[in-house]
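S.K.: take this sequence and fold it.
(one chain, ligands or ions: 1)
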Amino acid sequence: MAEIGFDNRVAIVTGAGGGLGRCHALELARRGARVVVNDLGVAKDGGGSSLSPAQQVVAEIEALGGEAVTDGHSVATPEGGAAIVQAAIDAFGRIDIVVNNAGILRDKTFAKMEPADVDAVFDVHLKGAFNVTRPAWICMREQNYGRIVMTASNAGILGNFGQTNYGTAKMGLVGMTNVLAVEGAKYNIRVNAIAPVAATRMTDGLMGDLTSAIDPALVSPVVAYLASEACEVTGEVYSCAGGTVARFFVGLTQGIYDRGLTAEAVRDRLAEIRDETGYDAFADNKGEIKKLARILGG
Ligand code: NAI
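M.R.: Below is the predicted model of the structure:
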């Protein structure tokens, strides 16, 4: 089969000045995409700003013979999102791919977490993906083609201590992925998410012995596939770490059906309710409604 390439495709990678985003931008550019390297150049907690990380990545891409432009807008506002998409249109005339990758951390235990910690993290991760994706979506619908990759996290899918704000935002992106996949289907817009594990400044000192094995560059092939015309899936979440690739999915157990349901019945039949044997995994909401109609009649 042919190699996956991105000739005539234009990609935005947010937060591409370092870590995972840099690797994604390099991988897409190496395969022929013209790339908007967006990065606000902030510290891990979102403080400060600098254009130089994004400029360095653009220089790296150019040194490899690729095409890229720098963008220093923040994903955290609708104006920033619109400007990032406009940068792609201005430089390259179109937009085919959005990789929502920009991120910050404000970890605290729940009791200590302030509303400002929630706002900052939601603004970058959750609203950031909305702010950049929506103006791109308008173009993608018109051209009947688009690929969107969200960056979710195990912190939300599985839970992680001290990350209520971050885990909630990241799981919110799974919801956004699912809904956009449904809405994008008829426009040939595919929307998927990754849940990466990688050695970057974000995980500095946290991964112990795993650190040397979880090269962020080993996440980028998954992003490149999901961003490509060859991508056949939509509304899915892929776990990627150090060369491992697997799919997360939501399963619904067979459960019980009892028209005289009581709290005691729930207590007494909990094992049956929770039993994973023969679970269902639905492609979208309609799947579950159909199942309910089958059980309940209607
Ligand atoms: P990183 O800190 O190296 O990269 C994040 C980049 O986003 C930074 O370059 C930063 O300047 C940029 N950024 C932050 N706020 C921005 C804003 N408002 N507008 C534009 N750019 C902004 O961290 P890493 O690890 O590369 O993270 C990339 C993504 O992967 C994040 O969304 C993170 O939450 C996610 N992730 C990373 C994991 C890991 O193991 N490293 C695990 C799960 C998710």
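S.K.: interface residues of the stretch 51-200 of the chain facing the ligand?
M.R.: When proximity is defined by C-beta under 6 Å from any ligand atom, the stretch 51-200 of the chain lies next to the ligand at 53, 74-76, 101-104, 124, 128, 151, 153, 196-198, 200. (C-beta placed from N, C-alpha, C; glycine too.)
S.K.: how about those residues, which pair is most distant?
M.R.: Using C-beta to C-beta, these span at most 25.8 Å, a distance reached by S74 and V197.
S.K.: need the contact partners of stretch 170-186.
M.R.: When contacts are defined by C-beta atoms under 8 Å, 6 or more residues apart in numbering, stretch 170-186 is touched by residues 100, 122, 125-126, 129-130, 133, 137, 140, 146, 148, 150-153, 155-157, 189-193, 195, 234-237, 284-285.
S.K.: try it again with 7 Å
M.R.: Residues external to stretch 170-186 that are found in contact with it (C-beta atoms under 7 Å, 6 or more residues apart in numbering): 125-126, 129, 146, 148, 150, 152-153, 155-157, 190-193, 234-235, 237, 284.
S.K.: and those residues, which of them are buried?
M.R.: Among the contacts of stretch 170-186, those scoring as buried are 125-126, 129, 146, 148, 150, 152-153, 155-157, 190-193, 234-235, 237 (criterion: 16 or more other C-beta atoms under 10 Å).
S.K.: so which of those residues sit within helices?
M.R.: The helices, defined by DSSP state H, take in A129 from these.
S.K.: and the strand ranked longest in the chain, which strands flank it?
M.R.: Ordering each strand of the chain by length in residues (DSSP state E) puts strand 189-197 first. Paired strands of strand 189-197, with direction, are strand 146-151 (parallel), strand 237-241 (parallel) (DSSP bridges).
S.K.: which element follows that strand toward the C-terminus?
M.R.: helix 220-226 (DSSP states H and E).
S.K.: other SSEs contacting that next one?
M.R.: Judged by 3 or more C-beta pairs under 7 Å, 6 or more residues apart in numbering; DSSP states H and E, the packing partners of helix 220-226 are helix 19-30, strand 146-151, strand 189-197.
S.K.: got the contact list for the longest strand of the chain?
M.R.: For strand 189-197, using C-beta under 7 Å, 6+ apart, the contacting residues are 20, 140, 146-154, 157, 173-174, 177, 180-181, 184, 214, 219, 222-223, 226, 231, 233-241, 248.
S.K.: buried subset of the residues you listed, written for ChimeraX?
M.R.: Command for ChimeraX that selects the buried part of the contacts of strand 189-197, burial taken from 16+ other C-beta under 10 Å:
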select :20,140,146,147,148,149,150,151,152,153,154,157,173,174,177,180,181,184,214,219,222,223,226,231,234,235,236,237,238,239,240,241,248
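S.K.: that older thread, so between S74 and V197, which is more surrounded?
M.R.: S74 (22 against 19; other C-beta atoms under 10 Å).
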